[in-house]
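**Q** Build me a model:
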Amino acid sequence: MTRIDKLLAQSGLYSRSQARELIRAGRVAANRVVVSKPEQKVEDAAVICVDGVEINCEPSRYFMLDKPAGVLSATDDRNQSTVLDLLPRELRALGLFPVGRLDKDTTGLLLLTNDGDFAHRVISPKHNVVKTYLATTTFPVDSEDVAAFHEGLTLADGTKCLPAVLEPLGGCVCRVLVREGKYHQVKRMLASRGKNVMQLRRLAIGQLWIDQGLGEGGYRELRQFEKQLVFSSS
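**A** Predicted coordinates for the structure are as follows:
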C-alpha cells in the first residue's frame, strides 16, 4: 500500500504538491473510487485516473527519445546539454538514465529508463540485442567491406568487434547492424575500411524502430508491447 499522492507523483506528470491539489479537488480516482485525501493509501496496482484518464504510476518507466546532435547521452554535465535536459522536471525526477549511449553528434533512437536490469539486458552483448544504424560515409561501401564486417573486424588498436551486418543502400549511404556498443564502434569499423562517417543515425534497437513522428528532441513513453520488441530479432 502506498500514499495516493506519492503514486500520482510517480507518474512524472505532476509534482507531489500538484498531486495533492488534484486529490483535494476530487479529480483523482483509484479503482474508480474518488479519493479526496493525499495521505490515503491504495494498492500499488490500483488503476489511478485523473479527470477520468488513466495515469501510468508504475515505478519502472521506459521512454524512447529522438536524440538530436550536440547533446550528450548522460544524466548530468556542468558544461554541456544532456538528453535529460530535453525532459520536463517531473520526468527527470523519476531517476531516468540513458540505456547505453549515442555519440554527441549521432542522432536517433535512445532509450531512457530507471530500470537497471532492463538497461543491462539491452546493453550486454550476450543478449544479442541488435542496434541498427543509418550511416553516410565519405566513399561508398563495397562487397569487400560487407565481407569484412561479416567476419568481424579487428581495429587498429587491437579492439575486436563481433561479426556485424553491412548493407550498401546506394551512393554513400549504408545500414549497419551491430550487437555490441563499443566506443564509437560503428564509426571506427567503417573508418577501418577507409569509409569515414559523415552522418550517423540509430534507427532501431531490436525490432523497436524509432517513431518518425517524434521529431528531433521529441520523446514518448513506450507502450507495453514495445518493451518486448527491444529483445526481438525478427
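
**Q** drop to CA atoms for contacts and neighbour counts, all remaining ones
**A** Fine.

**Q** Pull the contacting residues for the spatially most central residue of the chain.
**A** When CA atoms, centre = their mean is applied to the chain, the residue found nearest the centroid is L111 (0.6 Å). Contacts for L111 (CA atoms under 8 Å, 6 or more residues apart in numbering) come out as 62-65, 98-99.

**Q** Of the residues you listed, which is the most crowded?
**A** Among those, L65 has the most neighbours (other CA atoms under 10 Å), with 26 neighbours.

**Q** ok, it to E43 distance?
**A** Counting by CA to CA, to the nearest Å, the gap from L65 to E43 is 31 Å.

**Q** give me the number of residues near the residue nearest to A156 when sequence neighbours are not counted?
**A** Leaving aside its chain neighbours, A156 sits nearest to S192 (7.5 Å; criterion: CA to CA, 6 or more residues apart in numbering). Neighbour count for S192, taken as other CA under 10 Å: 15.

**Q** My guess is S192 contacts L155. True?
**A** Yes - between S192 and L155 there is a contact under CA atoms under 8 Å: 6.5 Å.

**Q** Is the nearest residue to G215 once chain neighbours are set aside bridged to anything, and to what?
**A** Distance criterion CA to CA, 6+ apart; nearest residue to G215, sequence neighbours excluded, is D66 at 6.6 Å. Beta-bridge partners for D66, by DSSP bridges, are L109.

**Q** which strand of the chain spans the most residues?
**A** strand 197-205 (DSSP state E).

**Q** Distance from it to the middle of the chain?
**A** From the chain centre to the centre of strand 197-205 is a distance of 14 Å (CA atoms, centre = their mean, to the nearest Å).

**Q** Give me the residue ranges of the chain where confidence is low.
**A** 234 (pLDDT under 70).

**Q** quick one, helices of it?
**A** 4-9, 16-24, 89-92, 116-123, 143-151, 185-191, 224-229 (DSSP state H).

**Q** Of those, flag the one that's most buried.
**A** helix 4-9 (a mean of 24; mean count of other CA atoms under 10 Å).

**Q** Tell me which residues touch R101, please.
**A** For R101, the contact set (CA under 8 Å, 6+ apart) comprises 73-74, 110.

**Q** My error: substitute N196 in the last question.
**A** 137-139, 187, 190.

**Q** rerun that using 6 Å as the cut-off
**A** With contact set as CA atoms under 6 Å, 6 or more residues apart in numbering, N196 has these partners: 137-138.

**Q** any idea how this structure splits into domains?
**A** Segmentation of the chain into domains, based on automatic domain parsing, reads 2-55, 62-125+207-229, 130-205.

**Q** What is the end-to-end distance of the second one?
**A** If I follow you right, that is domain 62-125+207-229. First residue to last in domain 62-125+207-229 (CA to CA) measures 13 Å.

**Q** One more: stretch 25-35?
**A** OK, stretch 25-35 end separation, CA to CA: 9 Å.

**Q** which residues sit against it?
**A** So stretch 25-35 is contacted by 36, 46-51 (CA under 6 Å, 6+ apart).

**Q** For L112, see how far away the residue nearest to P140 when sequence neighbours are not counted is.
**A** Counting by CA to CA, 6+ apart, P140 lies nearest to C172, which is 4.2 Å off, once chain neighbours are set aside. C172 sits at a distance of 31 Å from L112 (criterion: CA to CA).

**Q** more neighbours, those two?
**A** Taking neighbours as other CA under 10 Å, C172 and L112 compare with L112 leading, 25 against 16.

**Q** Quick check: closest non-adjacent residue to the more buried one.
**A** P98 (4.6 Å).

**Q** can you pull the contacts of G218?
**A** So G218 contacts 65-66 (CA under 6 Å, 6+ apart).
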